[in-house]
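Engineer: Let's see this in three dimensions:
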Amino acid sequence: MPICKDIIKQRVIHFQSDDPEVARRASELLSAVPGVSRARVTEGNSIRIHYDVRELTLQMIEQALQDIGFNLSDNVICKIKRGLIAYCEEALRESLGVTTADSNTPSLSLPTPHAHDPRPYQWRNYT
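Structural biologist: Numbers count the residues shown, from 1 in each chain. Prediction:
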């Protein structure tokens, strides 16, 4: 029996860009993902997301966003929070009997936004 019964998590994801369009696009993409109950822009460069930890973790969500080109904030506080949240969510999933191998969604994949690449122009073709 898990100690924490709060399986619907509410987290904030911060982006490097100050452009509110980046957060809006990420919010739209995440709203369509199974397991995400709500995603909305809270500030110019961040979104608040509600998701079921039995289906997703913040680490899966952030990795999927980075895979399609979104740049997440990399300040020290965000890195510490990510590490702590990843540990807590994995421990909760383990106590619930959910493992990545058992899950229907071992990794989250988001559709690539067709209209606009969120990276700055000078970084789009950088290899």
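Engineer: Look up how far I49 lies from R82.
Structural biologist: Note on R82: its distance to I49, by Cβ to Cβ, to the nearest Å, is 14 Å. Where you see a C-beta, it was placed from the backbone N, CA and C, and this is true even at glycine.
Engineer: Between the two, which is the more surrounded one?
Structural biologist: Legend: neighbour count by other Cβ atoms under 10 Å for R82 and I49, higher for I49 (25 against 18).
Engineer: contacting residues around the more buried one?
Structural biologist: 10-13, 30, 36, 38-39, 61 (Cβ atoms under 8 Å, 6 or more residues apart in numbering).
Engineer: Surely it is within a helix?
Structural biologist: No. In this structure, I49 is strand, not part of a helix, as judged by DSSP: H, G, I helix; E, B strand; the rest coil.
Engineer: hmm, back to that, need the max-distance pair from the contacts of I49.
Structural biologist: Comparing every pair within those by Cβ to Cβ identifies V12 and V36 as the most remote, at 14.0 Å.
Engineer: got the contacts of I49 as TSV, with distance to T99 and secondary structure columns?
Structural biologist: TSV is the format used below for the contacts of I49 (distance: Cβ to Cβ, whole Å; DSSP: H, G, I helix; E, B strand; the rest coil):
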residue	distance to T99	secondary structure
Q10	23	strand
R11	21	strand
V12	26	strand
I13	24	strand
L30	23	helix
V36	20	strand
R38	26	strand
A39	25	strand
I61	18	helix
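Engineer: Quick check on the residues you listed: which are buried?
Structural biologist: In the contacts of I49, burial by neighbour count holds for 11, 13, 30, 36, 39, 61, counting by 16 or more other Cβ atoms under 10 Å.
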